[in-house]
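Participant: any chance you can model this:
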Amino acid sequence: MKVSMKKIVRQATLATMAGAALTVFSGTGFMPSGNIAVAQEQQAAPERKTRRTPTMRASAFKYLERAQAALEIKDYEETRESLEDLHNVRGLNSYEEANMWNFYAYYYFELDDTANAIKSFENILQLEGIPIAFEDNIRFQLAQLEFSEGNYDKSMEYLDQWFLYAAEPQASAYIFRGQLFYAMNDFEAALAPILKAVELTELSGGVVRENWYLLLLTIYYEKNNYTEARDILEYLVLNHNKPRYWLQLASMYSELRNEASQLATMEVAYNQGYLVEESHLRNMAQLYMFNEVPIKAAEVMRKGFEVEVLEESKDNYELYANALINAQELEDSIPPLIQAAELAEEGDLSLRLGQVYMARDEWSKSIAAIMQGIDKGDLNREDQAYMILGMAYFNNDQLQKAKEAFQESRKDSRSRTQSAQWIRHINNEANRREQLALAARE
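Facilitator: A predicted model of the protein is given here:
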């Protein structure tokens, strides 16, 4: 049984990405929650000249200190006024101006004004003589902000510039690059940086985040690499035991034509109480039927009705009844089959009920059910209905009605030969009985 999961997995991954907080304002730029003065220089990347940068003067520092105090209590008006006062100061050096725009960016970000936050950061990149590490951090934050705005090409441009000089990028940078490629639907390019992030995390003894595996899962699925996707899901069910992972793993086994593992996975999910929706229980029952374990299929359906997860519908009653019939539990199959037949607009389920009664030698009930099916109409094979009806009448010792039923079924070329045989048999039986009656009178 195959359940399409590509759309579901992709939507879940996009939701995870959308919900993740951007790690902006966390590098060497201005940190409102810490010291105002930024480290003026860190280890420069290879092939870049060390810059001479000015220092932060106390006259500029006091405005930023005032702005920080206001922002910490969410006094945005005082924050803006402090920054405007600093902006109006003549003779700011490049480092002081960079810190001012950096704080403007943070202020706008707090107001959910991403466009102006981006402009503020871009103003920093126009300045000369700012610390290299500061500049690199701004590019990384611009990449993140452009990503949040859906400007993926611009985001990639800034991120490429950042990676060009990054000496030892951390796993978080690689995973961001992978997310960006993923958002651009370049799944092939997304794979390498995500795997690099996983590698770096494992080498450092860290724990790989769950949503990184989800990202890998979606990429493997988009690439139709079901073997790798299966491996990811096997890890997830063992380390992040969630219902959706078990269901997705079962679906992946289906894609790989491994029905035995699909059934085993669904059984584990069922036993853990993870199959809580009607579609889940129907899939479980159908899997049991497919794997020729109808008694377990019937048990799943029975419990589903008990806990009122399964709707009292024609399809559900039919599946329940079929499971019981296949398990040779004919008596138990009758109540759900009656329900299914009553809910059905067509007559085929009534014929099925009639056949169950026939198997139990309940000829009168069989005749009534078959007649109900014929009256409802819209049958798959009307000739077969009359054929079964004739058999029921014959076994109920109603030879004339049996003959009439077989005469109806004979009208269809597909049943003509068999119907004629039954009619001859009935005629012979009638003659035999007549002869016996004559002999008895003599």
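Participant: contacts for the helix or strand harbouring Glu404 next, please.
Facilitator: Assigned by DSSP states H and E, Glu404 falls within helix 399-409. Residues from elsewhere that reach helix 399-409, judged by CB atoms under 8 Å, 6 or more residues apart in numbering: 383-387, 389-394, 415, 418-419, 422-423, 426-427, 429-430. C-betas here are computed from N, CA, C, even on glycine.
Participant: what's the single longest helix in the chain?
Facilitator: helix 416-441 (DSSP state H).
Participant: state the mean pLDDT of that one.
Facilitator: The average pLDDT within helix 416-441 is 90.
Participant: stretch 158-168 too?
Facilitator: Here the average pLDDT along stretch 158-168 is 92.
Participant: quick one on the thing from earlier: got the angle between the helix holding Glu404 and helix 416-441?
Facilitator: 160 degrees (axes from the mean of the first three to the mean of the last three CA atoms, to 10 degrees).
Participant: centre of the chain versus helix 399-409, how much separation?
Facilitator: 55 Å (CA atoms, centre = their mean, to the nearest Å).
Participant: just the CA atoms of that helix, as PDB, please.
Facilitator: Output in PDB follows, covering the C-alpha atoms of helix 399-409 (Å, rounded to 0.1, in the frame of the first residue of the first chain):
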ATOM      1  CA  LEU A 399     -38.000 -24.800  -7.800                       C
ATOM      2  CA  GLN A 400     -40.300 -22.700  -9.900                       C
ATOM      3  CA  LYS A 401     -38.900 -19.400  -8.500                       C
ATOM      4  CA  ALA A 402     -35.400 -20.800  -8.900                       C
ATOM      5  CA  LYS A 403     -36.200 -21.600 -12.600                       C
ATOM      6  CA  GLU A 404     -37.600 -18.000 -13.100                       C
ATOM      7  CA  ALA A 405     -34.400 -16.500 -11.600                       C
ATOM      8  CA  PHE A 406     -32.200 -18.600 -13.900                       C
ATOM      9  CA  GLN A 407     -34.300 -17.600 -16.900                       C
ATOM     10  CA  GLU A 408     -33.500 -13.900 -16.000                       C
ATOM     11  CA  SER A 409     -29.700 -14.600 -15.600                       C
END
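Participant: so for it, what gets flagged as buried?
Facilitator: 399, 402-403, 405-406, 408-409 (16 or more other CB atoms under 10 Å).
Participant: cool, and stretch 265-276?
Facilitator: Within stretch 265-276, the residues scored as buried using 16+ other CB under 10 Å are 265-267, 269-270, 274-275.
Participant: among those residues, which lie within helices?
Facilitator: Among those, DSSP H puts 265-267, 269-270 in helices.
Participant: circling back: and the buried residues of stretch 265-276 as a markdown table, adding pLDDT and distance to Arg80?
Facilitator: A markdown table is the format used below for these (pLDDT from 0 to 100; distance: CB to CB, whole Å):
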| residue | pLDDT | distance to Arg80 |
| --- | --- | --- |
| Thr265 | 97 | 57 |
| Met266 | 96 | 58 |
| Glu267 | 96 | 62 |
| Ala269 | 96 | 54 |
| Tyr270 | 96 | 59 |
| Tyr274 | 96 | 52 |
| Leu275 | 95 | 55 |
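Participant: what helix or strand is Asn241 located in?
Facilitator: With secondary structure defined by DSSP H and E, Asn241 is part of neither a helix nor a strand.
Participant: residue contacts, it?
Facilitator: Counting by CB under 8 Å, 6+ apart, Asn241 makes contact with Gln272.
Participant: now Ile374
Facilitator: Residues near Ile374 by CB under 8 Å, 6+ apart: 347, 382, 385-386, 389.
Participant: swap the cut-off to 7 Å and go again
Facilitator: 347, 385 (CB atoms under 7 Å, 6 or more residues apart in numbering).
Participant: what about Gln421, how many residues nearby?
Facilitator: 11 (other CB atoms under 10 Å).
Participant: ok, so of the buried residues of stretch 265-276, who is nearest Val300?
Facilitator: Tyr270 (7.2 Å; CB to CB).
Participant: what is the longest helix of the chain packed up against?
Facilitator: helix 382-395, helix 399-409 (3 or more CB pairs under 7 Å, 6 or more residues apart in numbering; DSSP states H and E).
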